[in-house]
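In: The sequence isn't on hand, but the structure is:
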């Protein structure tokens, strides 16, 4: 036994140095694995992930059109129902148009009457012009008579001064001269009256023309009101929130339904103010919809709001107080939705989404 102990001691002494080398190899393998795993997961972040700005505060939005009436009336028919898909120009609601049709007929009859009044004034104007011509002729006759009476009176005066004619003849000549003078004055007055009558009729004509234009505008207004009894879809979309029934009384401006456009949906994403520094218009955006979780669509940044969402709230915060607490604000960003996502038919206004904006699309 004493001879075997040195052998065991020697073999033990030889085996012990191998332990540190094994640990080093294991640590090296672990280190290489850590580096490999870190490289595997870190490479996407370094080349792509660190440039992305993400938020889940994003929703599908649409410029929803509110359907309302501009006139008052009773609902006569509702050709479409809730959630119906309509095209631009399709009839949505028909109101009872009886009163508006009668109003249009009354306005049209007034236009006809005004036209007849204009025709009468035109005829009177022509008659007045004829009267002016006649008065002018009478003035010419009176002028000739005055000229003849003047000559006759002058001749009789000379003869009377030579005692050739009697005083009675001179008196007769003077009376004839006075009569001719009065006749000329009367003729001139008649001509002036006839001329003034034409001016009066022309003024009446202008007044009647003004009334005719007003009545024509009234016809147009009555026609527009009649057309407004039919409510049509302003664009393609889906009818929602329809609350009408036949027989309901519609008031002007009252909300009757909503029209959600089919091809004008977009993303309204609310980014933190600390994220918007390098978000640029036109930057590519990865979009994942909760309704389509297995697909990633690519959109584009359309615009950034000029103010934070809190500024446009019903009660904007007043920070000029003693209990101020700083809160990170959100800036609305509008993002386009690609046609492939719209054509899927699964998107609705208000649905949730997650968006990632590639900051490399921002201008340096």
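Out: Yep, that arrived. Values in this document were obtained by computation on a predicted structure and should not be read as measured data.

In: rest of the way, CA atoms for contacts and neighbours
Out: Fine.

In: show me where this structure has helices.
Out: Per DSSP state H, the chain carries helices over the ranges 4-15, 18-47, 98-161, 167-227, 339-343.

In: tell me the mean pLDDT for the second one?
Out: Model confidence over helix 18-47 averages 65 on the pLDDT scale.

In: How about the first one?
Out: Rounded to a whole number, the mean pLDDT of helix 4-15 is 48.

In: All further residue positions should be reported with the first residue as 747.
Out: Sounds good: first residue 747 from here, last item helix 750-761.

In: how close does residue 1005 get to residue 1027?
Out: To residue 1027, residue 1005 is 28 Å away according to C-alpha to C-alpha, to the nearest Å.

In: Pick out whichever of the two has more residues nearby.
Out: residue 1005 (25 against 17; other C-alpha atoms under 10 Å).

In: Can you check the pLDDT for the more buried one?
Out: 92.

In: how about the helices of the chain in a markdown table, adding mean neighbour count and distance to residue 1022?
Out: Converted to a markdown table, the helices of the chain look like this (neighbours: other C-alpha atoms under 10 Å; distance: least, C-alpha to C-alpha, whole Å):
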| stretch | mean neighbour count | distance to residue 1022 |
| --- | --- | --- |
| helix 750-761 | 10 | 64 |
| helix 764-793 | 11 | 20 |
| helix 844-907 | 17 | 55 |
| helix 913-973 | 17 | 48 |
| helix 1085-1089 | 13 | 25 |
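
In: Which of these comes out lowest on mean pLDDT?
Out: helix 750-761 (a mean of 48).

In: Residues contacting the longest strand belonging to the chain, please?
Out: Counting by DSSP state E, the longest strand found in the chain is strand 1038-1050. Strand 1038-1050 has contacts (C-alpha atoms under 8 Å, 6 or more residues apart in numbering) with 1026-1035, 1077-1084, 1087, 1092, 1103.

In: let's go with 6 Å and repeat that
Out: 1027-1034, 1079-1084 (C-alpha atoms under 6 Å, 6 or more residues apart in numbering).

In: Show me which residues of it are buried.
Out: If you call a residue buried by 16 or more other C-alpha atoms under 10 Å, then strand 1038-1050 has these buried ones: 1043-1048, 1050.

In: now swap in stretch 996-1009 and tell me
Out: Buried, per 16+ other C-alpha under 10 Å, within stretch 996-1009: 996, 1001-1008.

In: which outside residues touch it?
Out: 810-820, 982-988.

In: Whichever of the residues you listed end up buried, select them in PyMOL.
Out: Selection command for PyMOL covering only the buried members of these, criterion 16+ other C-alpha under 10 Å:
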select buried, resi 810+811+812+813+814+815+817+818+819+820+982+983+984+985+986+988
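
In: In strands, which of the contacts of stretch 996-1009 fall?
Out: 811-814, 819-820, 983-986.

In: Can you tell me which of these comes closest to residue 955?
Out: residue 819 (33.5 Å; C-alpha to C-alpha).

In: Can you lay out the buried residues of strand 1038-1050 as TSV showing pLDDT?
Out: Shown next, in TSV, are the buried residues of strand 1038-1050 (pLDDT from 0 to 100):
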residue	pLDDT
1043	94
1044	92
1045	93
1046	93
1047	93
1048	93
1050	91
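
In: how about CSV for the buried residues of stretch 996-1009, with distance to residue 920 added?
Out: Below are these laid out as CSV (distance: C-alpha to C-alpha, whole Å):
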residue, distance to residue 920
996, 88
1001, 92
1002, 93
1003, 95
1004, 97
1005, 97
1006, 100
1007, 99
1008, 102
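
In: Is residue 841 bridged to anything, and to what?
Out: residue 821 (DSSP bridges).

In: give me every residue that touches it.
Out: 819-822, 975.

In: now residue 1064: how far from residue 801?
Out: 27 Å.

In: So which of these two has more stuff around it?
Out: Higher neighbour count among residue 1064 and residue 801: residue 801, with 15 against 7, using other C-alpha under 10 Å.

In: so how far is residue 1027 from that one?
Out: Applying C-alpha to C-alpha to residue 801 and residue 1027 gives a distance of 17 Å.
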